[in-house]
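Enquirer: Compute the structure for the input listed below.
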Amino acid sequence: MGHGYESSVELSEAVLEGFYKALKARLVNDVIIVSAGAAGLVAAWKLAEEGFKVTVLEEAGYLGGSMWLGEYFMSYTIVRSPAERILRELGVPFEEFRPGLYWVYGPLLAAKLITRALEAGAWVLNLASVDDVIVERGRVSGVLVRWSPVQGPIAMKAGVVIDASGREAKVAGRLAERGLLDLSDFRRGAAEGDTESLIMELTGEAYPGLIVAGLTVAELAGLSDAGLLVGATLLSGEKAARIASQMLRERGSSP
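Expert: Below you'll find the predicted structure:
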C-alpha cells in the first residue's frame, strides 16, 4: 500500500469528490438555517426529524455557539422553565437550582443538540457566511453564501430560510438594509415585557419565506441580553421549526 504522494492525491480526491457531491445535493433545500447556535440547532433537529431537507450554514469552524462556554465561561448554563422539557427530550441531565430554574452542563447540551440534528439528517456547511439574500417575487427563496475556500458566492435555495444568526441578523439585517423589512413592528412589540417572553412572542415569519428566531429576534426588536437564558433560544428554535413545517406543508412541500 502506497504512503507517498500518490496515496495523498487519492485521499485528496476522495475528500473533494465526497464533499462536492454533498454540496451539490444541498444547493436546493426545504429549509436553510443560518447559524448553528441553540435556536438553529433545535430548528434543524426538529425539521430534519420530520423528514425535511435541512442545511445549516455556520460561519465558525464549530457548532454549538456559546453553549460550549456556559455562563461566564464556567461551562454550566441556566435554563428557565418550561425549557427543561427540551432537555428531557434530548436526554441531558439537569438539576433544579430554584423552583423553575435549572442548571445544565453546556458542552453536553451542545453535543447532544449537534448529534440529534445531524443524526436526523441535517447537513452543515461550516466557515460559511451569508453574502446576500435571494428574493424572488416578493419572497425570500435562498441566500448567497461565501464559503471560505471559494472566492465567489454560492447560491443556495430553500422553501424557507430561518435566521438564527443572533445579534448579527445576517439575513433579516440585509433585508432591512435593502428597505424590504420594516422593523417597526418588532420595536412596537418590544415595548413591554421581559426579553425571554418577547423572543418567544416575536419568533415567526418576519418577511415572506423568512423566519427569525433566537437572538436575531432580540436584535431586531432592540432587546437587551439582561435576564436572557439559553432556554428562551431553545424554545424559539422549536417554535421556528413548527412554523417552518406548517409553511412548507401549506406550499405542498411535505417530506
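Enquirer: Parallel or antiparallel, list what pairs with the helix or strand harbouring Tyr102.
Expert: Tyr102 belongs to strand 101-105 when elements are defined using DSSP states H and E. Within its sheet, strand 101-105 is paired with strand 76-80 (antiparallel), strand 94-98 (antiparallel), according to DSSP bridges.
Enquirer: Name the residues that touch it?
Expert: The contact list for strand 101-105, computed with Cβ atoms under 8 Å, 6 or more residues apart in numbering, reads 70, 75-81, 84, 87, 92-97. C-beta: built from backbone N, CA, C; applies to glycine.
Enquirer: And the helices in the stretch 51-200 of the chain?
Expert: 84-90, 106-120, 172-177, 184-189, 195-202 (DSSP state H, counting those that start in this stretch).
Enquirer: Need those helices in TSV (columns: mean neighbour count, distance to Asp225 and mean pLDDT).
Expert: Converted to TSV, those look like this (neighbours: other Cβ atoms under 10 Å; distance: least, Cβ to Cβ, whole Å; pLDDT from 0 to 100):
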stretch	mean neighbour count	distance to Asp225	mean pLDDT
helix 84-90	17	20	96
helix 106-120	20	16	97
helix 172-177	19	18	96
helix 184-189	14	16	76
helix 195-202	19	7	89
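Enquirer: Distance to Ala244 added to those helices, as TSV?
Expert: Shown next, in TSV, are those (distance: least, Cβ to Cβ, whole Å):
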stretch	distance to Ala244
helix 84-90	17
helix 106-120	14
helix 172-177	15
helix 184-189	19
helix 195-202	16
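Enquirer: just to revisit the earlier point, I'd like to know which of the contacts of strand 101-105 are buried.
Expert: Among the contacts of strand 101-105, those that count as buried by neighbour count (16 or more other Cβ atoms under 10 Å) are Gly70, Tyr76, Thr77, Ile78, Val79, Arg80, Glu84, Leu87, Val92, Phe94.
Enquirer: can the residues you listed go into a markdown table with extra columns for distance to Gly252?
Expert: A markdown table is the format used below for the buried ones among the contacts of strand 101-105 (distance: Cβ to Cβ, whole Å):
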| residue | distance to Gly252 |
| --- | --- |
| Gly70 | 43 |
| Tyr76 | 45 |
| Thr77 | 39 |
| Ile78 | 42 |
| Val79 | 37 |
| Arg80 | 38 |
| Glu84 | 36 |
| Leu87 | 35 |
| Val92 | 36 |
| Phe94 | 40 |
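Enquirer: what's the most distant pair in the residues you listed?
Expert: Distance extremes for those: the farthest pair is Gly70 and Glu84 at 16.4 Å, using Cβ to Cβ.
Enquirer: tell me, how many neighbours does Leu127 end up with?
Expert: Per other Cβ atoms under 10 Å, the neighbour tally for Leu127 reads 14.
Enquirer: I'd say it and Leu63 touch.
Expert: No: between Leu127 and Leu63 there is no contact under Cβ atoms under 8 Å: 11.7 Å.
Enquirer: Run the chain-centre distance for the helix or strand where Gly237 lies.
Expert: Secondary structure from DSSP H and E places Gly237 in helix 230-250. Taking Cα atoms, centre = their mean, to the nearest Å, the mean C-alpha location of helix 230-250 is offset from the chain mean by 10 Å.
Enquirer: repeat for stretch 48-63
Expert: The answer for stretch 48-63 is 7 Å, by Cα atoms, centre = their mean.
Enquirer: first to last residue in it, what's the distance?
Expert: 17 Å (Cα to Cα, to the nearest Å).
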